[in-house]
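*Asks:* Sequence and predicted structure, then a few things I'm wondering about:
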Amino acid sequence: MKKTCQACNKEFPLEKEDLDFYEKIKVPSPTFCPDCRAQRRFIWRNERTLYKRPCDLCKKDFISIYRKDVPFPVYCHACYHSDKWDPLDYGQEYDKSKNFFAQIKELLEKVPRLGIWVVQCTNSDYSNQSYNNKNCYLAFGIRDSEDSAYTAKNVKIKNVYDSTYVHYSENLYECLNLDKSYGSTFVEEGEGVVDSHYLASCRNITNSMGGTNLRSVNNYFFGERLSPEEYKKKTEGVDFGSRKTRADLLKKFEDLKKNSIVRSTKQINCVNCIGDHLENSKDCHYVFDGFDLDKARYSSWVFSSKDISDCFGMGSSELIYEAISPEEVNNCKFLMATDTSHDVEYGLFCQSSGFLFGCVGLRSKEYCVLNKQYAKEEYNKLIEEIKEDMQNNPYVDKKGIKYRYGEFFPSEFCHTPYNDSTAQEYYPLTKEEALKKGFIWKDGKARSYHPTLEAKEVPDNIKNVEDAITKEVIACAHGEKCSHQCTQAFKIIPQELQFYKKMKIPLPILCPNCRHFERLGRRTPMRLWNRACAKCSKEIMSSYAPNRPEIVYCEKCYQAEVY
């Protein structure tokens, strides 16, 4: 079965497994293709852009993901979780003469929101989607970590800088998709890497440098297998603290990767899965960056979940459809940042609740519609009436797209600028493209600081850097002439300087945002293409587009070559 997407007008398939899932959770089939559904959800999550603004209750300034000009109240953590306000006070009667989505929009713009998601953290105010962390700075999507900065999508890390999708690791710099590793720099797609540098797709490696697809190797140096004494002598002659040396090594590493084989997708202990960066999963279809999954579809950055579709940033959940940033939820649909809840539809920022429909910010409540509480029987009758009304009276946005029951919240309800949202990372657009699609865009905020040091003035070698550098405002070398949400300038924090000196790493000359987006550029996108294995010519699906230069092997050929 095929349908035409309302947003992009392209045909997309509905597989039997999709239809079975929609029937199981009792929703109609979607009218948006998987990519447009994901893009529409991602705009609701501002993960990286922080603003200083006053709390609308206590009036004290704090760090928030919301600008000052949003229409809804924004509270600091203490005020949001206090007893000074009650989300039920904003409840409203369902008006049958008005479209449901129009009514939830009214609720969305008056219920207070938590200004930033920093939970049980110490000295980690400048982070977001941050849980149980200590001394973390500009770290996003991070939990159970400490003494780290400029990272994203990390679990249990310590002393890790400028790294993404890194877990259970310590003392790392500029690493990507790396697990259980220590003391290494510029390592991609690996596990069990210790005191090594410039490696890709390597496992169980110690004291090595410059290699791809290595397994259980020690003392390896750009194609040479050396004795421990030879390796030590070779690396002692490398001035790692020099930016020029590091740039030369990185170029040599990139040239090495161009001539190496890559696996079509990365799947470890997976059965019947289509996707990339998956581990310990089965029966997954178009899923990226997930582990411990069973029957997941069209989802990314999800773990320990079962029977889910169209989800992002979710863990420990079951029977979920169209959700972003929930955790520990069950039998829910159309969610934004809702935790430890069950039987919720069209819920935003709710916690520890059940049997909600069209609610915002409720905590420990049941049988509510539009933040108004009902008896169980009245609730069940009312939501069936609303669903029927949503089918018969769809919401029509400014671009003529219709939203009935079964669709996520209309994009025009979201007040997060496209260029502040997660969507810009996975579906990058120019300002003109975003506005044409009906998304909002916010031009760069005015900066109150002025650079005191140009990028070219930053010392080449870390050994020549004085502690006084932490008082300087360094101009980013990109100077906003990029699409990386450049912040124009940045500072070096004291613990960061100590890390660079210990690890012999030269100071960066790009701002954290530019470094983040350049790192993402070294990663394959959340897409799959049909192409042929470069060795056996078997047709495969890969996250490497057919026009890319990499030598792509199917899993069988890759394992025969590497393991």
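*Replies:* Sure, I can see it.
*Asks:* Residue 129 in helix, strand or coil?
*Replies:* strand (DSSP: H, G, I helix; E, B strand; the rest coil).
*Asks:* What pLDDT is listed against it?
*Replies:* As predicted, residue 129 sits at a pLDDT of 94.
*Asks:* what does residue 445 give?
*Replies:* pLDDT at residue 445 comes out at 61.
*Asks:* which of the residues in stretch 94-106 are buried?
*Replies:* 94, 99-101, 103-104 (16 or more other C-beta atoms under 10 Å). Quick note: C-beta positions are derived from backbone N, CA and C, even for glycine.
*Asks:* repeat for stretch 105-118
*Replies:* 107-108, 111-118.
*Asks:* Likewise for stretch 411-423?
*Replies:* 411, 413-423.
*Asks:* Likewise for stretch 484-502?
*Replies:* 484-490, 492, 496-497, 499-500.
*Asks:* The buried residues of stretch 94-106: which two are farthest apart?
*Replies:* 94 and 101 (12.2 Å; C-beta to C-beta).
*Asks:* Where does residue 167 sit: helix, strand or coil?
*Replies:* strand.
*Asks:* Please name the bridge partners of the closest residue to it other than its chain neighbours.
*Replies:* Closest residue in space to residue 167, ignoring its immediate chain neighbours: residue 155 at 4.5 Å, by C-beta to C-beta, 6 or more residues apart in numbering. Beta bridges link residue 155 to residue 143, residue 167, judged by DSSP bridges.
*Asks:* and residue 155, how many residues sit next to it?
*Replies:* 17 (other C-beta atoms under 10 Å).
*Asks:* Over to residue 224?
*Replies:* 13.
*Asks:* for residue 82, same thing?
*Replies:* 12.
*Asks:* now swap in residue 119 and tell me
*Replies:* Residues near residue 119, counting by other C-beta under 10 Å: 15.
*Asks:* For it, give me phi and psi.
*Replies:* Dihedral pair for residue 119: phi -120, psi 120, per degrees, to the nearest 10.
*Asks:* okay, it: pLDDT?
*Replies:* pLDDT, residue 119: 89.
*Asks:* Quick check: the gap between it and residue 127.
*Replies:* For residue 119, the distance to residue 127 (C-beta to C-beta, to the nearest Å) stands at 10 Å.
*Asks:* likewise residue 370?
*Replies:* 33 Å.
*Asks:* could you point out which element follows the host helix or strand of residue 277?
*Replies:* In this structure, residue 277 is located in strand 267-315 according to DSSP states H and E. Sequence-wise, the next helix or strand downstream of strand 267-315 (DSSP H and E) is strand 318-324.
*Asks:* which helices and strands does that next one pack with?
*Replies:* Packing contacts for strand 318-324, counted by 3 or more C-beta pairs under 8 Å, 6 or more residues apart in numbering; DSSP states H and E, involve helix 16-25, helix 34-42, strand 267-315, strand 327-336.
*Asks:* If we use 7 Å, what do you get?
*Replies:* helix 34-42, strand 267-315, strand 327-336 (3 or more C-beta pairs under 7 Å, 6 or more residues apart in numbering; DSSP states H and E).
*Asks:* Between these, which one is closest to residue 460.
*Replies:* So among those, strand 267-315 is nearest, using C-beta to C-beta, at 35.4 Å.
*Asks:* between the closest one and strand 327-336, how big is the angle?
*Replies:* Here strand 267-315 runs at an angle of 70 degrees relative to strand 327-336 (axes from the mean of the first three to the mean of the last three C-alpha atoms, to 10 degrees).
*Asks:* circling back to that earlier point, from the buried residues of stretch 94-106, pick the one nearest residue 437.
*Replies:* residue 101 (18.8 Å).
*Asks:* Checking my notes, the closest one in a strand, right?
*Replies:* No. Counting by three-state DSSP, residue 101 is not part of a strand but helix.
*Asks:* which residue sits closest to it in space, ignoring its chain neighbours?
*Replies:* Going by C-beta to C-beta, 6+ apart, residue 101 has residue 395 as its nearest residue, at 3.8 Å.
*Asks:* can I get the buried residues of stretch 94-106 in CSV with distance to residue 302 and pLDDT?
*Replies:* Listed next are those as CSV, based on distance: C-beta to C-beta, whole Å; pLDDT from 0 to 100:
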residue, distance to residue 302, pLDDT
94, 32, 97
99, 31, 94
100, 28, 96
101, 26, 97
103, 30, 97
104, 25, 97
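*Asks:* Quick one: list the elements packing against the host helix or strand of residue 498.
*Replies:* Assigned by DSSP H and E, residue 498 belongs to helix 494-503. Helix 494-503 sits against strand 146-173, with contacts defined as 3+ C-beta pairs under 7 Å, 6+ apart.
*Asks:* Any chance you could list what contacts the helix or strand following the strand it packs on?
*Replies:* For strand 146-173, the following helix or strand on the C-terminal side (DSSP H and E) is strand 176-179. Residues from elsewhere that reach strand 176-179, judged by C-beta atoms under 7 Å, 6 or more residues apart in numbering: 163-169, 172, 187-191, 193, 277, 519, 522-523.
*Asks:* strand partners of strand 176-179, parallel vs antiparallel please.
*Replies:* Strand 176-179 has these strand partners (DSSP bridges): strand 146-173 (parallel), strand 182-194 (parallel).
*Asks:* CSV please, covering the ones you listed and showing mean pLDDT and distance to residue 471.
*Replies:* What follows is the strands paired with strand 176-179, written out as CSV (pLDDT from 0 to 100; distance: least, C-beta to C-beta, whole Å):
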stretch, mean pLDDT, distance to residue 471
strand 146-173, 97, 18
strand 182-194, 97, 26
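*Asks:* what's the spacing between residue 400 and residue 9?
*Replies:* 12 Å.
*Asks:* Report the set of residues contacting both of those two.
*Replies:* With C-beta under 7 Å, 6+ apart, residue 400 and residue 9 have no common neighbours.
*Asks:* ok, so of the buried residues of stretch 484-502, who is nearest residue 363?
*Replies:* Out of those, the member with the shortest distance to residue 363 (by C-beta to C-beta) is residue 485, at 33.1 Å.
*Asks:* Excluding chain neighbours, what is closest to the closest one?
*Replies:* residue 513 (4.5 Å).
*Asks:* how near is the one you found to residue 221?
*Replies:* On the measure of C-beta to C-beta, residue 513 and residue 221 end up 34 Å apart.
*Asks:* Comparing the two, which shows the higher neighbour count?
*Replies:* residue 513 (21 against 18).
*Asks:* Just the element for that one, please.
*Replies:* Per DSSP H and E: helix 512-520 holds residue 513.
*Asks:* The nearest residue to residue 282 once chain neighbours are set aside - how many residues pack around it?
*Replies:* Closest residue to residue 282 apart from its sequence neighbours, by C-beta to C-beta, 6+ apart: residue 271 at 4.2 Å. Residues near residue 271, counting by other C-beta under 10 Å, number 11.
*Asks:* Let me know the pLDDT of residue 271.
*Replies:* 97.
*Asks:* my guess is it meets residue 279, correct?
*Replies:* No. Residue 271 lies out of contact with residue 279 (C-beta atoms under 7 Å); the separation is 11.8 Å.
*Asks:* So what touches the lowest-mean-pLDDT helix or strand in the chain?
*Replies:* Sorting the helices and strands of the chain by mean pLDDT, DSSP states H and E puts strand 118-119 at the bottom, at a mean of 91. Here strand 118-119 makes contact (C-beta under 7 Å, 6+ apart) with 77, 124-125, 127-128, 130-131.
*Asks:* Farthest pair within these?
*Replies:* Farthest pair in these, by C-beta to C-beta: 125 and 131, 14.0 Å.
*Asks:* Go ahead and confirm residue 534 touches residue 554.
*Replies:* No. Contact criterion C-beta under 7 Å: residue 534 and residue 554 do not qualify, at 8.9 Å.
*Asks:* In the stretch 301-450 of the chain, where is pLDDT below threshold?
*Replies:* Low-confidence segments of the stretch 301-450 of the chain (pLDDT under 70): 444-448.
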